[in-house]
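Trainee: My questions concern the predicted model and sequence given below.
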Amino acid sequence: MTHLQLPPFGHFKFKFTHIKINFIFGVKSQSIHSNVITNGCARLLQLCTTPHSLKSVHAHMIITGHDQDVFLGAKLVSMYAKLDGLENARSVFDKIHNPDAFLWNVIIKAYGQSGLWDKTFASYHQMQEEGIQPDNFTFPLVLKACASLSALEKGKEIHYQIDQIGFGDNTVIGTTLIDMYAKCGSLEDARQVFDKMSERDVFSWSAMIAGYAQNRNANEALLLSNVMQLEGVLPDSVVMVSLLQACGDLGARQQGMWVHGCLIRRGFEFDVSAGNSLVAMYAKCGNMCDARRVFEAMPEKNVISWTAMIAGYAQNGQGPDALALFDEMKFVGVNPNSVTMVNLLSVCADLGAVHQGKVIHNYVIGHGFESNEFVANGLMDMYAKCGCPKDAQFVFNRMPQRSVVSWNTIISGYAQNGYFNDALALFHQMQLAGISPDSVTIVSVLSACAHVKDLQQGKWIDDYIMQSGFDSNVFVSNSLIDMYAKCKKIDIARLIFNGMHRRDVVSWNAMITGYVQNAHANEALELFNQMQLTDVKPDSETMVSVLSACAQSGASQQGERIHNYVIKNGFAWDVFVETGLVDMYAKCGNVDIARHLFDQMPKRTVVAYSAMIAGYGMHGYGEDALTLFSQMQQTGMKPNGITFISVLSACSHSGLVDDGWRYFNCMSQDYGIAPMLEHYACMVDLLGRAGCLDEAHDFIKNMPVHPNAAVWGALLAACRIHCNIELAECAAEILFDLEPNNAGYYVLLSNTYAAAGRWDEVAKVRTKMKNMGLKKTAGCSLIEINSRLHSFIAGDNSHPQFKQIYVMLEILSGQMKDAGYVPNTNFVMHDVE
């Protein structure tokens, strides 16, 4: 233990208002009564402002024999804690013989004020070990430590001691218990203490109301405030601040205005804390005009006032106003705090204003905020949302300390910008750094696995989830469903879905969307029907997914039924649902209805135009598709890459080669859109369908990017149509290297040979397929009866009415022959194993 060093004795003088005491250190005056010296020392201790003056008084106390006085010892310990550090305060404490509860409370309080909660608890236990029973002042001190640490079990242990000793009816202790339980999130325990109190003062009511407000239980806070007033207890400013927080959380502007009136009537309208809470309340209720009026009327504003106003603008999408207010804040000389900076960075992120964000970054560096983790996380988030993940990485690399939130921010930042492999690499670095991932981390890395279709990594994370106990987390389970669905493991996704104890709307959406992504439209629609039997209400994302399922399967009756559901449940004016309806009707062949819905849309997006153009194109209405595209251009709306895929596909299906070339060239020349592989595949398909096979081949050879299987596949399909064996063999050879296990390409080549009558080559291809274990995926026919889809595969006997179906097929075949229809069987024998 460090020994306290005291200064040499000498002359030391203090002057009081009513009394003047002179001490000549080294001389012990017998003429001054001991009580006068005790009081004088106490006054001297209060006047100390430096460690040196404190130690001088301490030295005098030692030579006058007052260093063992418990009263003076308590003041001395308190002053050392304030002026010279807790180590010296504890040294003084340890030298006092037989400290009582009062003195123990002083050292416990000193530790608590410094946030040294472990030493607070250690002193509390040592006190009892030395036979000193805690008193009514001790318990509030240690309960505050429990509240600060959210140490609920420790708090309950101390609560038990309180009841055992007999302080259960103490109002101050009861109020502190309420505060402790509320800050630990145990509102039920807090309310039990409150209800059992024989006497409640305004602080008890305030603690309970604040507890409800802090735990987002705003309704209970407002109800309890009404009961408080019915019992004749007038709310103080603390209660009103809590009520304003509750009103803000509920968006209850009317109740907030009532509290505002109470503040004025009680004379609290000029209280800075009340004014700040009013600004925050009006901002959360979306009323920035009233928030600004309160702000401007405040006679005194602190940094919290300015920050509340800036945060309000940020929350309500008024970013430019937030930035302008920050300039005003600097002009009047108010220094921002870390919360101010984070809100400003949030504004820049929402606006995509990376230049302004960099200006604020420079301010952060210049004013010492760079080492603040809260601000650094805000900087990373801003850069990530502005599409600059490398700048976010620069901030991350400079951080002296990184919490799990910091790692989550940089990992999600890379994932949001499409750098999925970088996100996964950072996840492994995080583990090597000894930081345990939380549910947010897991959701981000599962999203990355889903996008890169890294099933092996996804399964490893799934194992980690089971071992770490995250499997009961609904957000994690939803992400697992999405990952497995995108990795084409829809059966595993369904097992996870079935095993969930609680499912929210996102769970249902993930599973329904997964079925659609994996071409299981019937299962998607069946799951939607099951969802309607639960208490989970579909949202607009659900409707878009089930409409996509109808479009995929051609289930127009189901689509019409869902259309009615959309109207009845208020989704009709959602732009994404409207677009889904246009897409569904178009793909189901009801192009006129699709166009009617499109024309009725109050606001048409580029996605809606793309869907309608694609609908025209797939049904051979190429001219209508191009006319609509021209109308889109005339509105000033800029097409995107998907729009041009729709346009080029429409040209392909209608044989509009010249138009196809014109739109392919204008895509990059007029709109700066670099062609993707999908656009090149459309052009090959366009040229191939038109019989321009050599031109299509030259087009592929001159592509600036490496052609993928879709591009070569389009050429091979065209070769089959036009029976070009030589080019078909060239395309097939490349396709077999790119996707050796895709049976479809072998079947295409085989059918090309068959059309040319080259049966030996057909046999060779089929033998190769057999040796490789490849089988052509059987084609499936769908028919919709009474809004129910029935699927059929050749030779399938699984349908319960298959006998009647085959009888009807025989009858229909006979009628077709009688009508003179002769089917084209060139490829039939060769498509079926």
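Mentor: Nice, I can see it. Numbering: from 1, shown residues only.

Trainee: Low-confidence ranges, the stretch 651-800 of the chain, go.
Mentor: Within the stretch 651-800 of the chain, the stretches with pLDDT under 70 are 776-799.

Trainee: Could you pull out the helices in it for me?
Mentor: 657-671, 677-689, 693-701, 709-722, 725-738, 743-755, 759-772 (DSSP state H, counting those that start in this stretch).

Trainee: buried residues in the third one?
Mentor: Burial within helix 693-701, assessed by neighbour count using 16 or more other CB atoms under 10 Å, is assigned to 693, 696-697, 699-700. Placement of C-beta: from N, CA and C, glycine included.

Trainee: so which of those residues comes closest to T441?
Mentor: Using CB to CB, I700 comes nearest to T441 of the buried residues of helix 693-701, at 43.2 Å.

Trainee: Quick check: A549 vs I512, distance?
Mentor: Using CB to CB, to the nearest Å, A549 is found at 7 Å from I512.

Trainee: Just say helix, strand or coil for S273.
Mentor: helix (DSSP: H, G, I helix; E, B strand; the rest coil).

Trainee: my guess is it contacts M240, does it?
Mentor: No. Using CB atoms under 8 Å, S273 makes no contact with M240, being 9.5 Å away.

Trainee: Looking at these two now, which is surrounded by more residues?
Mentor: Set S273 next to M240 and count neighbours by other CB atoms under 10 Å: M240 wins out with 24 against 16.

Trainee: State the helix or strand in which that one lies.
Mentor: Assigned by DSSP states H and E, M240 belongs to helix 237-250.

Trainee: and whichever helix or strand comes after that helix, what does it pack onto?
Mentor: Per DSSP H and E, helix 237-250 leads on to helix 253-265 as the next helix or strand towards the C-terminus. On a contact count with 3 or more CB pairs under 8 Å, 6 or more residues apart in numbering; DSSP states H and E, helix 253-265 meets helix 237-250, helix 272-284.

Trainee: Swap in 10 Å and give it another go.
Mentor: Other helices and strands packing on helix 253-265, by 3 or more CB pairs under 10 Å, 6 or more residues apart in numbering; DSSP states H and E, are helix 218-230, helix 237-250, helix 272-284, helix 288-297.

Trainee: For the helix holding M240, list the C-alpha coordinates in PDB.
Mentor: Output of helix 237-250 as PDB, limited to C-alpha atoms (Å, rounded to 0.1, in the frame of the first residue of the first chain):
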ATOM      1  CA  SER A 237     -39.800  18.600 -13.400                       C
ATOM      2  CA  VAL A 238     -38.200  15.100 -13.300                       C
ATOM      3  CA  VAL A 239     -41.600  13.400 -13.700                       C
ATOM      4  CA  MET A 240     -42.500  15.700 -16.500                       C
ATOM      5  CA  VAL A 241     -39.300  15.000 -18.400                       C
ATOM      6  CA  SER A 242     -40.000  11.300 -18.100                       C
ATOM      7  CA  LEU A 243     -43.600  11.900 -19.400                       C
ATOM      8  CA  LEU A 244     -42.200  13.800 -22.300                       C
ATOM      9  CA  GLN A 245     -40.000  10.900 -23.100                       C
ATOM     10  CA  ALA A 246     -43.000   8.600 -23.000                       C
ATOM     11  CA  CYS A 247     -45.000  10.800 -25.300                       C
ATOM     12  CA  GLY A 248     -42.200  11.000 -27.700                       C
ATOM     13  CA  ASP A 249     -41.800   7.200 -27.800                       C
ATOM     14  CA  LEU A 250     -45.600   6.800 -28.500                       C
END
